[in-house]
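> Take a look and give me a structure for this.
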Amino acid sequence: MSAIQVSVKTTYIAAQSQPLVNRYVYAYTITIANQGDVPAQLISRHWLITDANEKRQEVQGVGVVGEQPHINPGDSYTYTSGVILETETGLMQGSYQMRTETGETFDAEIPLFALVPPHAIH
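Here you go, the predicted structure:
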């Protein structure tokens, strides 16, 4: 089990969504908590985004929201980003590549989470 714990909160952005043209906008807020005993830096991200039609997007890149945060033991880093889907619902999962001060790299898993507007939750 990784010393890095990732939690997610999602929000459907109705004001930016346009269902008539298959545009559904979501914001997601990620908190990355370092529960280990060594500092770690987030180097890159890797996302798998799947819509309700099984269309997959793969996103890879350096850092998150333009940053490569250092997270000390006991601290956390929170950021908000967004995604646009062609279907009303979807799924996201992935990983962050992390690096310790000694140069060791490891992946912190981002657990699978659903993108669902409030009116679709039963």
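
> quick one: the strands in the chain?
4-12, 24-34, 40-51, 56-62, 70-71, 76-85, 90-100, 105-115 (DSSP state E).

> farthest residue from the center of the chain?
L20 (26.6 Å; Cα atoms, centre = their mean).

> Isn't V62 up against I43?
Yes: the criterion here is Cβ atoms under 8 Å, and V62 meets it with I43 at 7.3 Å. All C-beta spots, glycine's among them, are computed from the backbone N, C-alpha and C.

> shared neighbours, those two?
Q68 (Cβ atoms under 8 Å, 6 or more residues apart in numbering).

> Quick check, central residue of the protein?
I30 (5.8 Å).

> From G103, how far off is that residue?
According to Cβ to Cβ, to the nearest Å, I30 stands 25 Å off from G103.

> In JSON lines: the strands of the chain, plus mean pLDDT.
Below are those laid out as JSON lines (pLDDT from 0 to 100):
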{"stretch": "strand 4-12", "mean pLDDT": "97"}
{"stretch": "strand 24-34", "mean pLDDT": "98"}
{"stretch": "strand 40-51", "mean pLDDT": "98"}
{"stretch": "strand 56-62", "mean pLDDT": "97"}
{"stretch": "strand 70-71", "mean pLDDT": "98"}
{"stretch": "strand 76-85", "mean pLDDT": "98"}
{"stretch": "strand 90-100", "mean pLDDT": "98"}
{"stretch": "strand 105-115", "mean pLDDT": "97"}
